[in-house]
Structures are given as C-alpha cells and as structure tokens.
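1. I'll drop the sequence and a predicted model, then ask my questions.
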Amino acid sequence: MKKKSWLLLPIILASYLVVGFPDGAFTVSWDAMELGLGLVTFHSGIILVGYSVTYTLAGVILARLNRFMKLQTVYLMGLAVMGLGFVGIAFSENFIALLATITVYGFGTGAMASSMNAYMAKHFTAKQNNWMHFFWGAGAAVSPLIMGRLLILEFSQHYADGEYIINVYDYGWRAGYLAIAAIVGVVGLILILSMYGKIWLNDDSSAAEEHQQTKEPKKFLTKKRHEAIEVLTFFFLGGTDYTVVFFTGTVLMRTRGFALADVAIFSTIYYVGMTLGRLIFGWSAKWLKETTIIRIGIAIAAAGILILWFTSNITGMFLAGFGLGPLLPTLVSDTSNRFSPKILSKLVGYELAAFGAGIAVLFFLTSVVLTVTTYEALFPIVLAFVILVFVCNEILERTVKSNKKSEE
C-alpha cells in the first residue's frame, strides 16, 4: 500500500459512523416530529419514499460521478449534503419543508454509502468492509441516544372518547439534529485534512490490482440477468432492514401493549445486534467464505423475526439485527468475486441504489398492507423478504459454482 495509507482505514471507519446517523435518529425523533408538526403515520411512508428516491439516485449516478471525480471526493460531497440536510430538518416548520430537507440528506447519504462501498470493494476485503458497516451500526445506535438526550418530551397521556392524546414540546428533536450536524462538520474537516495529506488510494492504485490478483482465477458472471438478480438481492434486503426496525415498535405499541420507553429500547437493541453482527462476522471473515456468512446471517435473522412474531421477546430484535448486520457489507464484498472489476463501481452503485429503492417501495407497500389489514401482518411480510434475499443469493452462487466446474 502507499505511504501513510495505514492511516486510511481508521479514517474510513470513523467517518462511516455518521452514515448511520439518519436511520437511528429518525426512528427515535419521528413520534415527536409527528406530534409537533401535526403529522400522521402515513406521512412517514411519504418521507421514506422521498428519502429513498434521492438515496437511490445517488447510487444510480455513481459511475457517472466517478468519471469526473474520485470516489473519496464523492464521499466528501455526500457528507456535506447530508450535513446541510440535518440543519434543514432542525428548522423545518411543516411537512413540505421536512420532506424537502430529508430528500436532500437522502442524496448525501446515498452518495456516501455507494461511493465508499465501491471504494472498499476495490481496495479492501470482506473483513474490513464488515468493520466499516460495524461503524455504521455504531452510528445508528449512538444517534438515538444523542437524540433521546436532547429530546425534551413532556407527556401527558390519557384516553378521551377512545382517542389517545399526547401533549409534547417538540424543541428537543430540533436540537438533536443540530448536534448531529455539528458532528458531521467535524468529520468533514477530518476528511478534508486526510485528502490534503494524500493518504487515499486512487482507483487505479496498485493496491486494487493486488487485491484482485489475490482472488483465484474464475470466469466472472457476465450476463445482464445475473446483474439484475444481484441488484434485486439488495432491493429485498433494503426492504427488510428498515421495515423491521421501524414497524416493530408500532406493532408492539398498538397491538401488544408496550410502552413508548420499551419500544425505544427495542430500536437500540436492534442496532446493537447489527453492530455486533458486523464486528463478529467481520472478524470471522478470515475463516468463513462470504457465502457462508450470508447463509448464517439469513438464518439468524429469520429466527429473530420468528421470535418477535410469536413471543415479542427483545431477544428476537437482537437476533434480527445480528443476522441482518453482516449481509449488506458481505454481499457488497462478494460482488468483486462474482463480477469483473471493470463494472464494479457501476454495479455497487446500482446495488446501493436498489437497497434504497427497497426501503422506499417495500416500506411503503408494507405500511399500506398494515393499514388495511392488521399490524400483526408485519412479521410474515419481512420473513418473506428475508427468504427472497436468500433465494436471489443462492441463484447467483449456484451459477458461480457452475462456471467454476466448466473451467476445470
């Protein structure tokens, strides 16, 4: 690796922490935002669609952006856009303003996630990619704590004519987003200094070539349908991830009698499980193949969803996060095993775009189904999403094995 590049991985890991801020902060702040701005649950679906559209757009255009600027520059640009979005949220006074600012930071988050996942797929291994997403999980776990600390809520709860009334002062979530924006600013300064110090590996660096040479020779997947299945895997994974953590709290509160404070703990436990999953599977990637990690993760996630479905036990929330945690980074890393390096940036961009599209489309469709049927339908729905992730991945794995046999 280049001189001073030993500093690079710690900087990437630490900076990726802020990519997890939007998810964790929104899950905690939404109830206060909903009440403070006079919104309803349906608005959350529209907001997630707006966020996911720009998140997806950032992934789709990554390859084009990469023609004019380095991946690390796209990453820094995304950070700046995300920070501005946080500031905008803090000063939003109505639904239109909130939707506009969240779509802004959606583009920033998508640009950061797609560019850095492509960078990691080129220059690092599955172990290091899981470590990076471990820091995403840490950010998603820490941001609810930051938001909760500053979320000054005074609840008076009672039933009147069958309607649940909550009076709340909504200043805390605004302060929370400003505090998060300040942290993003500090991270941006660190990235600028690191780029000025020239410690980043360029896309044509020998490190990328060396990483590719360490892989055993193979016939890469070249058909468009294989690329489509790869992208579809991320679509279903995106729909599983956010739908589980967002709507589980709603199910527990509205149908199973859980208190708001208990639901917040469920969200934190989910992200703690996800973070630990990425740490442990990142460490075990030295011995386990990517496909093995993916299969184990899917099995654990499915078990966690079943536990939530039949028992409401918080262990299920932990296992769901723990199992889903390593799937995104490991699937991204496995892309470099299945497809040619020439299309890696484009394909990873499409993968992250599909992940964002899955959040938007499947989250929205789930919200509609839960509204017209029953909230208890959540768990069989997300279990079906997990099974579809497994099916798509197995189709590609069988094709890769078939290609290897044909070479022998």
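-> In hand now; what should we look at? Numbers count the residues shown, from 1 in each chain.
2. residue 119 is in contact with residue 71, isn't it?
-> Yes: taking Cβ atoms under 8 Å as the definition, residue 119 is a contact partner of residue 71 at 4.4 Å. Backbone N, C-alpha and C define where each C-beta goes, glycine included.
3. can you name the element that comes right after whichever strand or helix holds residue 264?
-> Residue 264 belongs to helix 260-284 when elements are defined using DSSP states H and E. Next helix or strand after helix 260-284 toward the C-terminus (DSSP H and E): helix 290-311.
4. just want the angle from that following helix to helix 260-284.
-> Angle, helix 290-311 to helix 260-284, by axes from the mean of the first three to the mean of the last three Cα atoms, to 10 degrees: 160 degrees.
5. give the contact list for residue 46.
-> Contact criterion Cβ atoms under 8 Å, 6 or more residues apart in numbering gives residue 99 as the residues in contact with residue 46.
6. residue 279 against residue 131, yeah?
-> Yes: with contact defined as Cβ under 8 Å, residue 279 reaches residue 131; the gap is 7.2 Å.
7. the two: who's more crowded?
-> residue 131 (23 against 19; other Cβ atoms under 10 Å).
8. where's the residue nearest to that one when sequence neighbours are not counted relative to residue 395, distance?
-> Closest residue to residue 131 apart from its sequence neighbours, by Cβ to Cβ, 6 or more residues apart in numbering: residue 282 at 4.7 Å. Distance from residue 282 to residue 395, counting by Cβ to Cβ, to the nearest Å: 26 Å.
9. compare the two and say which is more crowded by neighbours.
-> Under the neighbour definition other Cβ under 10 Å, residue 282 and residue 395 were set side by side, and residue 282 has more, 24 against 15.
10. so for the more buried one, what's the pLDDT?
-> Residue 282 is assigned 81 on the pLDDT scale.
11. now it: how far from residue 130?
-> Taking Cβ to Cβ, one finds residue 282 at 3 Å from residue 130.
12. list residues touching both of these two?
-> Residues touching both residue 282 and residue 130 (Cβ under 8 Å, 6+ apart): 326, 329.
13. top helix in the protein by residue count?
-> The helix that spans the most residues within the chain, counting by DSSP state H, is helix 224-255.
14. which strands or helices does it pack on?
-> helix 21-36, helix 41-60, helix 260-284, helix 290-311, helix 314-324, helix 327-338, helix 344-372, helix 378-407 (3 or more Cβ pairs under 8 Å, 6 or more residues apart in numbering; DSSP states H and E).
15. could the ones you listed go into CSV alongside distance to residue 6?
-> Putting the helices and strands packed on helix 224-255 into CSV (distance: least, Cβ to Cβ, whole Å) gives the following:
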stretch, distance to residue 6
helix 21-36, 27
helix 41-60, 30
helix 260-284, 18
helix 290-311, 25
helix 314-324, 30
helix 327-338, 21
helix 344-372, 24
helix 378-407, 33
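16. so which of those is nearest residue 174?
-> helix 21-36 (8.7 Å; Cβ to Cβ).
17. per-residue pLDDT, residue 76?
-> 94.
18. what about it, how many neighbours?
-> Neighbours of residue 76 under the rule other Cβ under 10 Å: 21.
19. isn't it right up against residue 193?
-> No: using Cβ under 8 Å, residue 76 is not in contact with residue 193, being 11.2 Å away.
20. number of residues surrounding the nearest residue to residue 118 once chain neighbours are set aside?
-> Spatial nearest neighbour of residue 118, excluding adjacent residues (Cβ to Cβ, 6+ apart): residue 348 at 4.1 Å. If you count neighbours by other Cβ under 10 Å, residue 348 ends up with 31.
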